[in-house]
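Undergrad: take a look and give me a structure for this.
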Amino acid sequence: MKVQELMVRDVIQAAPDETIGMAGKRMRESAVGCLVITVGGAVKGIITDRDLLACLAQAHDPYRCKISQHMHRPVHVLRPDEDHTTAAAVMHEKRIKRLPIAQNGKLLGIVSLSDLAMIAGVEATQLRASLSFFTAVVRTQASQYEPPRGAIPAGGSVPPAAELRNNDRQLLDAGGPG
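TA: Residues are numbered from 1 along each chain as shown. From the prediction side, this is the model:
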């Protein structure tokens, strides 16, 4: 799946000269964990809720401290035609939770780890259904094969591998399964 299909298009943006206090207020009002910092629509940085806490931990005044002092740059950005598996790999490698999506330097959207987790859940459900089908087919196929007499002794123990190979050869020579 291409990231353009799952990205959030309405990205909350901020300017680098805005204050940390304003960034925190905007994040709270918009219920988001980050702001993408842009100038003229071009991605210049990203600031997260953790960066706001770092500002406070450094005893900065959030209403005088500028976003540019705490934003991350350079920002890892993906193109809209990138695959969701690429997004997951980049997030893992860079240890980040959000990736802005841009084309020709202009912000188009953002993909978060939560977005990818939702896709992973859907894919896991599809995989579970495929595995159930595969298991049913294998069990049906196995039930159609009856081992030759003596292949498994009455006691239920499996004969040595060499003996099994000989039985398989005899079965194949007789035109049996295979």
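Undergrad: for residue 84, see how far away residue 18 is.
TA: Separation of residue 18 from residue 84 (Cβ to Cβ, to the nearest Å): 31 Å. All C-beta spots, glycine's among them, are computed from the backbone N, C-alpha and C.
Undergrad: so between the two, which is more surrounded?
TA: When residue 18 and residue 84 are compared for neighbours, residue 84 comes out ahead with 20 against 17, by other Cβ atoms under 10 Å.
Undergrad: now the helices: where do they sit in the protein?
TA: For the chain, the helices defined by DSSP state H occupy 3-6, 20-30, 49-57, 84-94, 113-144, 161-173.
Undergrad: reformat those helices as JSON lines; add distance to residue 67.
TA: Below are the helices of the chain laid out as JSON lines (distance: least, Cβ to Cβ, whole Å):
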{"stretch": "helix 3-6", "distance to residue 67": "25"}
{"stretch": "helix 20-30", "distance to residue 67": "5"}
{"stretch": "helix 49-57", "distance to residue 67": "9"}
{"stretch": "helix 84-94", "distance to residue 67": "21"}
{"stretch": "helix 113-144", "distance to residue 67": "22"}
{"stretch": "helix 161-173", "distance to residue 67": "68"}
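Undergrad: nearest approach to residue 63 belongs to which of those?
TA: Ranking these by proximity to residue 63 (Cβ to Cβ) places helix 20-30 first, at 4.1 Å.
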